[in-house]
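Asker: The following block contains a protein sequence and its predicted model.
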Amino acid sequence: MTDDNDNLDHDESMLALESQLCFALYATQLSMSKLYRRLLKRLELTYPQYLVMLVLWEEDHLTVSGIGERLSLDSATLTPLLKRLEGAELVRRARTREDERQVEVSLTDKGSALREQARAVPVEVQQATGCSRPEIQALRDQLNALKRHLDNI
């Protein structure tokens, strides 16, 4: 009995573009980004801004570093994004009293209210995928497990 791994080095189809996991993820991400761009246009948010808002809708009054940890983004990336959200009057930024070096981000009333409009986004994404909710949850769990595994290499 041969191990499938023994055949991997000799299988020329492994170098075919269609065989690449990275390309499947990349092409899917392009399509997903296009979908989100269309859906988020009515909220007047970019995808990265939407992610920040999701974090704040879960837990308001977070530091920039706290948001960055949740999104795997550094403050240099987050700062201009947060400035635009603040300019749109969706969030407020203020130095914390405990540590002047820390900036706390909180939702404005307008930012909190936007949450209701955003509720339609995951529903429309599910519809666009043609997947059931359990299928989406399983796929998300698989991708999260893959990310954790890759992060530990």
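Answerer: The structure has been received and is ready for your questions. Residues are numbered from 1 along each chain as shown.

Asker: Distance of Glu124 relative to Ala138?
Answerer: Applying Cβ to Cβ, to the nearest Å, the value for Glu124 to Ala138 is 20 Å. Bear in mind the C-beta positions are built from the backbone N, C-alpha and C, glycine included.

Asker: what's the helix or strand for Ala27?
Answerer: helix 21-41 (DSSP states H and E).

Asker: Which strands or helices does the helix or strand that that helix is followed by pack on?
Answerer: Next along the chain after helix 21-41, taking DSSP H and E as the criterion, comes helix 47-58. Contacts defined by 3 or more Cβ pairs under 8 Å, 6 or more residues apart in numbering; DSSP states H and E place helix 47-58 against helix 21-41, helix 64-71, helix 75-87, strand 103-107, helix 109-118.

Asker: got a list of what the residue sitting nearest the centre point of the chain touches?
Answerer: Geometric centre of the chain, nearest residue: Leu51, 5.4 Å, by Cα atoms, centre = their mean. Shown in contact with Leu51 (Cβ atoms under 8 Å, 6 or more residues apart in numbering): Leu71.

Asker: likewise Ile67?
Answerer: Shown in contact with Ile67 (Cβ under 8 Å, 6+ apart): 52, 55-56, 73, 78, 82, 105.

Asker: how far away is it from Leu90?
Answerer: As judged by Cβ to Cβ, Ile67 and Leu90 stand 13 Å apart.

Asker: Can you pull the domain assignment for this structure?
Answerer: 27-115, 119-153 (automatic domain parsing).

Asker: Pick the most buried one from these.
Answerer: domain 27-115 (a mean of 15; mean count of other Cβ atoms under 10 Å).

Asker: for this protein, what helix or strand is lowest in average pLDDT?
Answerer: helix 4-8 (a mean of 55; mean pLDDT, DSSP states H and E).

Asker: Leu139 and Cys131 touch, don't they?
Answerer: Yes - between Leu139 and Cys131 there is a contact under Cβ atoms under 8 Å: 7.0 Å.

Asker: Pass me the low-pLDDT residue ranges in this protein, would you?
Answerer: Across the chain, the ranges flagged by pLDDT under 70 are 1-10.

Asker: okay if I get the domains of the chain as JSON lines plus distance to Ser13?
Answerer: Compiled in JSON lines, the domains of the chain are given as follows (distance: least, Cβ to Cβ, whole Å):
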{"stretch": "domain 27-115", "distance to Ser13": "18"}
{"stretch": "domain 119-153", "distance to Ser13": "22"}
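
Asker: Thanks a lot, catch you later.
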